[in-house]
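J.: Please work out how this folds:
(one chain, ligands or ions: 1)
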Amino acid sequence: MPKIPKITRKNPDTKAAGKKGVTKKTARKKAAPAAVVKAAPTLPAEPAATAEILDRLFNVVVSRQGTDPTVSHSARLLSRGRRKIAQKFGEEAVECLIEAVAGNTEELVGESADVLYHLIVMWVDAGIHPSDVWAELTRREGTSGIAEKASRPRDPLAV
Ligand SMILES: N=c1c2ncn([C@@H]3O[C@H](COP(=O)(O)OP(=O)(O)OP(=O)(O)O)[C@@H](O)[C@H]3O)c2ncn1[C@@H]1O[C@H](COP(=O)(O)O)[C@@H](O)[C@H]1O
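T.: Reported below is the predicted structural model:
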């Protein structure tokens, strides 16, 4: 078999630098190192404002169980028992509906957040996991409330 000549393509930079593997670029770098540019410190990314906050909040409230009630509001509320938790939830719900009826949109947003926080505390106390509620909502998905009501067995005593 005839011997195939080895074809080598010289990198012009390598040639000019005069040393194998050392390009003009690297040679220049060695001669005069470029100023070290430090990367700007990256701030921790803000979590996206999505419904996933509910799962995160649930985990935080679970982690507060049995902790110092002078430090954690959730711990304080949980230590006060089910009746107090339910009462607080009720109060927040009423405050929420007051803002809704009054047409105070901004206040309604704040009160809605209070309701959701207190609902989560109530779930933690009752041993309910958010996934139980998500599953129930998913089960209902696509079924109109009108159709669901119509499918209920009729009460024979109803007038
Ligand atoms: N989302 C909330 C949240 N929403 C409302 N609240 C608190 O709920 C309380 C409601 O005030 P109220 O005066 O109505 O309630 P109260 O102090 O129990 O009053 P009383 O009925 O006893 O007189 C306020 O202290 C609010 O700050 C909340 N406290 C905590 N969270 C979240 O829960 C996380 C854990 O909080 P800690 O458990 O406090 O660490 C926090 O990082 C937040 O993400």
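J.: What score does the nearest residue to Arg140 once chain neighbours are set aside have for pLDDT?
T.: When the adjacent residues along the chain are set aside, Arg140 lies closest to Glu148, with 7.7 Å between them (CB to CB, 6 or more residues apart in numbering). C-beta here means a position set from N, CA and C on the backbone, and glycine is covered the same way. The score at Glu148 is 85. That number is its pLDDT.
J.: Just the buried residues of the one helix or strand Glu148 maps to, please?
T.: Glu148 is part of helix 145-150 when elements are defined by DSSP states H and E. Of all the residues in helix 145-150, not one is buried under the rule 16 or more other CB atoms under 10 Å.
J.: show me where the protein has helices.
T.: Here the chain has its helices, by DSSP state H, at 12-17, 24-31, 52-64, 73-79, 82-102, 105-126, 130-140, 145-150.
J.: could you dump the ones you listed to a markdown table with distance to the ligand?
T.: A markdown table is the format used below for those (distance: least, CB to the nearest ligand atom, whole Å):
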| stretch | distance to the ligand |
| --- | --- |
| helix 12-17 | 57 |
| helix 24-31 | 49 |
| helix 52-64 | 4 |
| helix 73-79 | 3 |
| helix 82-102 | 6 |
| helix 105-126 | 4 |
| helix 130-140 | 14 |
| helix 145-150 | 29 |
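J.: Put together TSV for the ones you listed, with distance to Ala39 on each row.
T.: Shown next, in TSV, are the helices of the chain (distance: least, CB to CB, whole Å):
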stretch	distance to Ala39
helix 12-17	27
helix 24-31	19
helix 52-64	29
helix 73-79	38
helix 82-102	45
helix 105-126	36
helix 130-140	38
helix 145-150	54
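J.: sorry, back to before: I'd like the distance between the residue nearest to Arg140 and Arg139.
T.: If you measure Glu148 against Arg139 using CB to CB, to the nearest Å, the figure is 11 Å.
J.: got any residues that touch both of the two?
T.: The overlap between the contact sets of Glu148 and Arg139 (CB atoms under 8 Å, 6 or more residues apart in numbering) is empty.
J.: ok, back up a step: out of the helices of the chain, which is closest to Ala158?
T.: Among these, helix 145-150 comes nearest to Ala158, with 12.8 Å by CB to CB.
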